[in-house]
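In: I need the structure of the sequence given here:
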Amino acid sequence: MRSIIIIFKKELHSFFASPMAYIFLVVFALVNGYFFTNTFFLYDQSDMRALFSIVPLVYLFFIPAVSMGVISREKGLGTIEILATLPIRDLDLVLGKYLAVFTLILVGLLTSSIHYITLTFVGTNIDHGAIFSGYLGLALMGGVYAAIGIFSSSLTDNQVVAFIIGIAIVMVFFLMDQLLVFVPSSMAGIVQYLSTGFHLSNISRGVIDTRNLIYFLSMISFFLFLTTHNVESRKWS
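Out: Next up, the predicted model:
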């Protein structure tokens, strides 16, 4: 556990020691704020549905961008070999880096809480439960995409390639429930279940189903397992 915390602090510090974290947070807040204010002032809708619908789209590009260098940078600089000589388990290394990326995503979501505060002062008939579950769904989706981004970063020592791979994988899971018309009916249920958007929409309705929670946690565990396996393989290469 101590190793995880050390890696976590080091990685989080590296984010904020460079412009990356600040660019991510500022652009994330501006994009989300634009779409929220559009529906709030132009269409007179006192809810956060527009915000919850745009954040997954923002995730598609920003999370792979944030996570692309987490492991590929270590490979490119050769520091991954130095880490191999330290008394740190590969799983601890992956979890520490993952938690740093996930924390940055949560901070980004926190910046949008200003819109929720605005609603509580000027809105009417606000469904606080639905807003809470919507944020929970976005946090879990961000956790899945962060795990995918780190997995993509572990596949190569080139950050641009890791970014492209990350976007491609994230896009596949995001679009699965949009492409059901092209899938045989016998496979439609499986494809829909694998879609992140399907489970997010379920949670965003205000009903927190354990099946949706199991999906998100399983996906995170699966990609972290693959990442750990890739990191371990460096010992045999």
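
In: secondary structure element for the residue most central in space within the chain?
Out: Note on the chain: the residue nearest the mean C-alpha position is Gly142, at 2.3 Å, using CA atoms, centre = their mean. Taking DSSP states H and E as the definition, Gly142 sits inside helix 128-153.

In: for the record, mean pLDDT for that helix?
Out: Averaged across helix 128-153, pLDDT comes to 90.

In: Toward the C-terminus, what is the element adjacent to that helix?
Out: Using DSSP H and E, the helix or strand that follows helix 128-153 towards the C-terminus is helix 159-175.

In: what's next to that following helix, contact-wise?
Out: With CB atoms under 8 Å, 6 or more residues apart in numbering as the test, helix 159-175 has contacts from 56, 59-61, 63-65, 67-69, 72-73, 76, 144-145, 148-149, 151-153, 155-156, 194-197, 219. For every residue, glycine as well, the C-beta is placed using N, CA and C.

In: Might you report the residue contacts of the residue nearest to Leu95 when sequence neighbours are not counted?
Out: Computed as CB to CB, 6 or more residues apart in numbering, the closest residue to Leu95 that is not its neighbour in sequence is Ile4, at 5.0 Å. Contacts for Ile4 (CB under 8 Å, 6+ apart) come out as 92, 95-96, 99.

In: re earlier: would you check how far apart the residue nearest to the centre of the chain and Gly76 are?
Out: According to CB to CB, to the nearest Å, Gly142 stands 26 Å off from Gly76.

In: and what of Tyr22?
Out: As judged by CB to CB, Tyr22 and Gly76 stand 23 Å apart.

In: out of the two, which sits in the more crowded spot?
Out: A count of neighbours by other CB atoms under 10 Å puts Gly76 above the other of Tyr22 and Gly76, at 14 against 11.

In: Find the nearest non-adjacent residue to the more buried one, please.
Out: Distances taken as CB to CB, 6+ apart place Asp157 nearest to Gly76, at 4.3 Å, with adjacent residues excluded.

In: can you give me the helices for this structure?
Out: For the chain, the helices defined by DSSP state H cover 2-16, 19-37, 49-67, 72-77, 79-84, 90-111, 113-122, 128-153, 159-175, 185-194, 196-204, 210-232.

In: averaging pLDDT over each of those, which comes out lowest?
Out: Here these differ in mean pLDDT, and the lowest is helix 79-84 at a mean of 66.
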